[in-house]
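> The following block contains a protein sequence and its predicted model.
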Amino acid sequence: MSPKPLIPFVRPLAAVKERMALAERLLKEKNPEQAQVALASVLELDPDHAVAHARRSALCIHASDWQGLRAELEWSLARLPVDLAEYERSYLSLLFGEMPKGWDQYEVRLRIPGKVGPERTFTQPRWTGEPFPGRTLLLHFEQGFGDTFMFVRYASLAKARGGRVVLAVQKQLADVIATCPGVDEVVPEGAPLPPFDLHLPLPSLPHVFRTTLDSIPCEIPYLDVPAQVPSRQRIMQVLAHSTGRTRVGCAWAGSPIHKRDKERSIPRKVFGILGGIPEVAWHSFQFGVMSDAPLPGVISLAPMLRSFSDTAYALSGMDLVITVDTALAHLAGAMGIPTLLLIHFQPDYRWLLEREDSPWYPNLRIYRQPQPGDWESVLRQVVRDLGGDPDQDCHD
């Protein structure tokens, strides 16, 4: 049998290259509408052109075309292993507010090695939400500090269905978590666990309770200042200097090891735009990076914040908190302190899309980037909303 001619295959390949080159040129020229047309023509000839799909995803993000982005991501997800695709889809569902569907999908994480931590193997059965009078339920942390602060709100709902509720949490959070209603005992990470009959990771509680946007438990506050605060006297002395003034706590950067830290943290100099807010006493809760923002008279609390008990006590003295997406936002939210949350254009699932409020924290207001990387517009809007001048030159 004679070989088939190559010409019919060469021509489409050449056409794909030409159309892709046109699309790339239009992108460089910042002509997104025509670039979309060119990319569509590429995909007509080569539906599996990975670069064309990636470029379309980026255009959807810049245009706030979330449904278009979702379609593009589905193309990628269809090429992943089944469980991993379901895991990624759970974040999409939750980002779009599709609950409880998203919580159901999120349970697949427990079948994927490395997606949860610390991984635990218990002989006791997982709790599925049934009443458990006379027995003990162990709720255990799974991910970061913010997740623990956010999901511990379900402890009182679990308590209403049974006997004892024990929480195993990060040791840094133990004293603060113990103030949560419905918690009978808190076990710091690494300490021996008491006997228990059932268990469940904290992030599985929304799944068990069939949580929807309208049924998120949001009785605020549900966390408080612990009885023991190591740096109470030092913090009290610092706060005494701003008695009678509006105290504003702030943080502009998260942990540098967070996978999205470059997106969620704000350059220190840009954060200084907030100095245009008049007549406030600034208190920095910032760790790690330089703890003094270019804000007038800012006081760094970092040296006194040796524990989250200290942080909770210092937060209790604030009239307002302005922060990026870190555990500080969750703790302030859980304590009922008015909070302005500054988030990246493409947010974490819990902050949903295109809304200024949060069903998780009624006391929290969201400020979103209008375009990826545009923190300046966010901070200027905060200043204007608080009666300030974003163009004021504010240096220490």
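It's in.
> burial count for Gln143?
Number of residues near Gln143 (other Cβ atoms under 10 Å) recorded here: 18. Bear in mind the C-beta positions are built from the backbone N, C-alpha and C, glycine included.
> is it true that it touches Pro203?
Yes: between Gln143 and Pro203 there is a contact under Cβ atoms under 8 Å: 6.6 Å.
> per-residue pLDDT, Trp103?
We have a pLDDT of 98 for Trp103.
> and it, what element?
Using DSSP states H and E, Trp103 sits in helix 101-106.
> Could you name the helices and strands sitting against that helix?
Counting contacts by 3 or more Cβ pairs under 8 Å, 6 or more residues apart in numbering; DSSP states H and E, helix 101-106 is packed against helix 82-95, helix 205-208.
> which outside residues touch it?
86-87, 89-94, 96, 203, 206-207, 210-211, 349 (Cβ atoms under 8 Å, 6 or more residues apart in numbering).
> next one: stretch 20-34
Contacts of stretch 20-34 (Cβ under 8 Å, 6+ apart): Ala35, Ala38, Leu39, Val42, His49, Val51, Ala52, Arg55, Leu59, His62, Ala63.
> What number of residues are in the vicinity of the closest residue to the second one other than its chain neighbours?
Spelled out, that is Ala38. Leaving aside its sequence neighbours, Ala38 sits nearest to Ala23 (Cβ to Cβ, 6 or more residues apart in numbering; 3.7 Å). Neighbour count for Ala23, taken as other Cβ under 10 Å: 25.
> picking up where we left off before, could you check the helices and strands packed on helix 101-106 and tell me which one is nearest Lys269?
Nearest to Lys269, of all the helices and strands packed on helix 101-106, is helix 82-95, at 30.7 Å by Cβ to Cβ.
> ok, residues contacting that closest one?
For helix 82-95, contacts defined as Cβ under 8 Å, 6+ apart pick out 70, 73, 77-78, 80, 99, 101-103, 105-106, 108-109, 111-112, 115, 347, 349-350, 352-353.
> try 10 Å this time
Contact with helix 82-95 is made by 66, 69-70, 73-74, 76-81, 98-112, 115, 206, 346-353, as judged by Cβ atoms under 10 Å, 6 or more residues apart in numbering.
> What ranges does the stretch 201-350 of the chain have for its helices?
Counting by DSSP state H, counting those that start in this stretch, the stretch 201-350 of the chain has helices at residues 205-208, 232-240, 261-264, 268-271, 308-316, 327-334.
> so how far is Ala158 from Phe209?
Distance of Phe209 to Ala158, given as Cβ to Cβ, to the nearest Å: 9 Å.
> Find residues that contact each of the two.
Residues touching both Phe209 and Ala158 by Cβ under 10 Å, 6+ apart: Gly129.
> More neighbours: these two, which one.
Remark: of Phe209 and Ala158, Ala158 carries more neighbours, 22 against 18, as counted by other Cβ under 10 Å.
> wait, the more buried one sits on Leu200?
Yes: counting by Cβ atoms under 10 Å, Ala158 touches Leu200, with 8.1 Å between them.
> Please identify the deepest-packed of the helices of the stretch 201-350 of the chain.
helix 327-334 (a mean of 27; mean count of other Cβ atoms under 10 Å).
> what about Ser204, neighbour count?
Counted with other Cβ under 10 Å, residues neighbouring Ser204 total 24.
> Now do the contacts for it.
Contacts of Ser204 (Cβ under 10 Å, 6+ apart): 103, 106-107, 109-110, 116, 126-129, 139, 142, 151, 154.
> which of those tops the neighbour count?
Greatest neighbour count in the contacts of Ser204, by other Cβ under 10 Å, goes to Leu139: 27 neighbours.
> Now do the buried residues in the helix or strand hosting that residue.
Element membership of Leu139, judged by DSSP H and E, is strand 132-140. Residues of strand 132-140 classed as buried by neighbour count (16 or more other Cβ atoms under 10 Å): Phe132, Thr136, Leu137, Leu138, Leu139, His140.
> That strand pairs with which strands, parallel or anti?
strand 162-169 (parallel), strand 198-201 (parallel) (DSSP bridges).
> would you put the C-alpha positions of it in CSV?
Taking C-alpha atoms only, strand 132-140 is exported to CSV below (Å, rounded to 0.1, in the frame of the first residue of the first chain):
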residue,chain,number,x,y,z
PHE,A,132,-23.7,10.7,68.9
PRO,A,133,-25.1,11.1,72.4
GLY,A,134,-22.8,9.6,75.1
ARG,A,135,-19.8,9.4,72.6
THR,A,136,-16.9,11.6,71.7
LEU,A,137,-16.2,13.2,68.4
LEU,A,138,-12.7,14.2,67.4
LEU,A,139,-12.4,17.1,64.9
HIS,A,140,-8.9,17.5,63.6
